[in-house]
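Engineer: Sequence and predicted model, in that order:
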Amino acid sequence: MTSPERFAALWGSLSPIGQAGDDGGYLRHSWTDTDLVCREWFVEEALDRDLEVEIDRNGNLWAWWGEPEQEGAVVTGSHLDSVPHGGAYDGPLGVVSGLLAVDRLRERGVRPIRPIAVVVFTEEEGARFGVPCLGSRLMTGAFDAAAALRLRDRDGVWLADAIGRAGLDPDRLGPDPERLARIGAFVELHVEQGRALDHLNAPVGVASAIWPHGRYRFDFTGEGNHAGTTRMSDRHDPMLTLAHTVVATDEAARTHGAHATVGRVEAAPNATNAIAARASAWLDARAADGETLQKLVDSIRERAEKRARMDGTHVTMTAESITGEVGFTGEVSKLAALELGAPVLPTGAGHDAGVLSGHVDTAMLFVRNPTGISHAPQESASAADCSIGVEKLTDLLARLCR
Ligand code: HGY
Ligand code: MN
Ligand code: MN
Ligand code: MN
């Protein structure tokens with residue numbers, strides 16, 4: 001059994017990396033120095049386990065027990081990057097659990113006939129370059145390499161320069177069909193981003209589905225002017241239209257029983273005593289099915305356009321990334337549900353497992369999060385539940401690799 005103490009020991013070697021600010025949140029944006037330290041941590045832990053480490057053409061890290069070239073690999077893992085001031089567990093829990101599961105398989109005397117790998121996918125949160133699950137989407141061809149070379153972060157740094165600085169060749173970005181074809185099963189363990197397991201009093205659960213979701217950019221244009229001398233009746237203020245769009249987002253989500261959020265806004269010139277000339281807002285919209293998602297986004301867009309006409313401003317909406325509905329219905333998920341005897345539940349959060357599920361027999365395991373909070377410092381999981389998660393992951397991998 002992986003004791004909570006043993007889990008805490010490995011966890012403790014990773015968790016201080018990238019903890020930013022006094023709120024205890026994490027700042028681990030991909031390809032930054034912090035991320036490179038996290039990646040070095042992973043490589044060291046993998047080499048300590050005599051795993052063969054490789055970095056693929058898209059920057060994803062793979063630690064192999066057995067022959068990478070062999071068909072039918074059993075892969076587990078997750079990501080190490082975070083949203084700004086995110087929680088400790090979203091991503092890293094799956095990576096640490098994967099490494100500990102390799103230890104446990106060896107202690108149990110399991111002799112895999114299929115290679116096992118622990119993977120770290122890059123840029124899962126999309127917090128730096130705006131596209132979630134970028135590493136797994138590039139590998140599967142779900143995101144175009146040429147489009148990736150057009151990605152820049154908010155400081156204007158090109159993705160190509162960021163990965164080049166880490167020693168990768170940007171020209172090699174792109175689909176990796178041979179690698180993908182060699183994967184027989186993928187299992188991602190992840191902290192639950194909600195409280196269903198807490199309410200069910202269960203330490204571990206199995207994913208049934210991932211809600212379809214999308215990210216949309218709203219650009220509002222109006223008329224910049226002096227904040228002090230411009231009469232209210234003469235204004236064309238894009239911030240007013242933006243504000244009404246945020247209210248419309250909340251109301252539409254409640255009407256449609258969906259989740260919709262505006263968590264990021266920008267204004268230009270962003271000065272206290274100047275009426276904004278332009279403003280932007282990013283919408284994250286999610287719903288239990290694709291049809292509801294489309295209705296939700298359409299109604300938000302229509303209300304934004306209607307308000308723009310009232311304000312004499314102009315609004316455009318651009319879809320930045322769309323993720324279709326993911327159902328975890330394959331053999332591995334069925335085995336997971338049977339093997340674990342745990343609750344089976346959907347999630348509104350996107351994951352690399354969702355991207356791979358279109359190509360590989362995939363399952364997701366969730367570990368209880370007593371606060372239910374995620375993408376914030378209050379995200380939590382107990383060492384006891386995490387060590388149960390490692391055992392359950394080990395049970396599943398043991399079944400899959402023989
Ligand atoms: O945003 C998401 O759904 C995931 O946590 N990256
Ligand atoms: Mn995650
Ligand atoms: Mn996340
Ligand atoms: Mn002045």
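Structural biologist: Received the coordinates, thanks. Ligands and ions are numbered 1, 2, ... in the order given.

Engineer: per-residue pLDDT, residue 323?
Structural biologist: Residue 323 carries a pLDDT value of 91.

Engineer: List the contacts of it.
Structural biologist: By Cβ atoms under 8 Å, 6 or more residues apart in numbering, the residues touching residue 323 are 132-133, 210, 212-214, 350, 354-355. Placement of C-beta: from N, CA and C, glycine included.

Engineer: is it in a bridge, and if so with what?
Structural biologist: In this entry, residue 323 is beta-bridged to residue 213, by DSSP bridges.

Engineer: and the gap between it and ligand 2?
Structural biologist: 13 Å (Cβ to the ion, to the nearest Å).

Engineer: Please report the distance of that residue from residue 263.
Structural biologist: Going from residue 323 to residue 263 by Cβ to Cβ, to the nearest Å gives 17 Å.

Engineer: In the stretch 1-150 of the chain, what residue spans correspond to helices?
Structural biologist: Taking DSSP state H, counting those that start in this stretch, the helices of the stretch 1-150 of the chain run over residues 4-14, 33-48, 92-107, 134-140, 145-148.

Engineer: Tell me which of the ones you listed is the most buried.
Structural biologist: Of all the helices of the stretch 1-150 of the chain, helix 134-140 has the most neighbours on average by mean count of other Cβ atoms under 10 Å, namely a mean of 27.

Engineer: Please verify my assumption that residue 325 contacts residue 210.
Structural biologist: Yes: counting by Cβ atoms under 8 Å, residue 325 touches residue 210, with 7.3 Å between them.

Engineer: Please identify which of the two sits among more neighbours.
Structural biologist: Taking neighbours as other Cβ atoms under 10 Å, residue 325 and residue 210 compare with residue 210 leading, 24 against 17.

Engineer: pLDDT at that one, what is it?
Structural biologist: Note on residue 210: pLDDT of 95.

Engineer: Distance of residue 48 relative to ligand 2?
Structural biologist: If you go by Cβ to the ion, the gap between residue 48 and ligand 2 works out to 25 Å.

Engineer: what do you get for residue 44?
Structural biologist: Counting by Cβ to the ion, the gap from residue 44 to ligand 2 is 22 Å.

Engineer: What of residue 122?
Structural biologist: 12 Å.

Engineer: Would you agree that residue is in contact with residue 137?
Structural biologist: No: under the criterion of Cβ under 8 Å, residue 122 is not in contact with residue 137, lying 10.5 Å apart.

Engineer: With adjacent residues omitted, what lies nearest to residue 173?
Structural biologist: residue 145 (4.2 Å; Cβ to Cβ, 6 or more residues apart in numbering).

Engineer: Thought residue 169 was touching that neighbour, still the case?
Structural biologist: No: with contact defined as Cβ under 8 Å, residue 145 does not count as touching residue 169 (11.6 Å).

Engineer: before we move on, the earlier item: could the helices of the stretch 1-150 of the chain go into CSV alongside mean pLDDT?
Structural biologist: Below are those laid out as CSV (pLDDT from 0 to 100):
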stretch, mean pLDDT
helix 4-14, 95
helix 33-48, 98
helix 92-107, 98
helix 134-140, 98
helix 145-148, 97
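
Engineer: Now the ones you listed in JSON lines, please, with extra columns for distance to residue 267.
Structural biologist: Below are the helices of the stretch 1-150 of the chain laid out as JSON lines (distance: least, Cβ to Cβ, whole Å):
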{"stretch": "helix 4-14", "distance to residue 267": "37"}
{"stretch": "helix 33-48", "distance to residue 267": "28"}
{"stretch": "helix 92-107", "distance to residue 267": "34"}
{"stretch": "helix 134-140", "distance to residue 267": "27"}
{"stretch": "helix 145-148", "distance to residue 267": "27"}
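
Engineer: Indicate which one of these is closest to residue 272.
Structural biologist: Nearest of the helices of the stretch 1-150 of the chain to residue 272, taken as Cβ to Cβ: helix 33-48 at 32.5 Å.

Engineer: residues in contact with the least confident helix or strand in the chain by mean pLDDT?
Structural biologist: For the chain, counting by mean pLDDT, DSSP states H and E, helix 331-340 ranks last in confidence among helices and strands (a mean of 88). Residues from elsewhere that reach helix 331-340 (Cβ under 8 Å, 6+ apart): 185-187, 204, 206-208, 344, 361-365, 392, 395-396, 399-400.

Engineer: buried sites along it?
Structural biologist: For helix 331-340, burial by neighbour count (16 or more other Cβ atoms under 10 Å) applies to 332-333, 335-337, 339-340.

Engineer: what residues does the stretch 51-200 of the chain put near ligand 2?
Structural biologist: Residues of the stretch 51-200 of the chain found near ligand 2 (Cβ under 5 Å from the ion) are 90-91.

Engineer: how about the strands of the stretch 51-200 of the chain, start to end?
Structural biologist: Ranges of strands within the stretch 51-200 of the chain are 52-55, 61-65, 73-79, 116-121, 183-191, based on DSSP state E, counting those that start in this stretch.

Engineer: In JSON lines: the ones you listed, plus distance to residue 282.
Structural biologist: Shown next, in JSON lines, are the strands of the stretch 51-200 of the chain (distance: least, Cβ to Cβ, whole Å):
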{"stretch": "strand 52-55", "distance to residue 282": "30"}
{"stretch": "strand 61-65", "distance to residue 282": "28"}
{"stretch": "strand 73-79", "distance to residue 282": "20"}
{"stretch": "strand 116-121", "distance to residue 282": "22"}
{"stretch": "strand 183-191", "distance to residue 282": "23"}
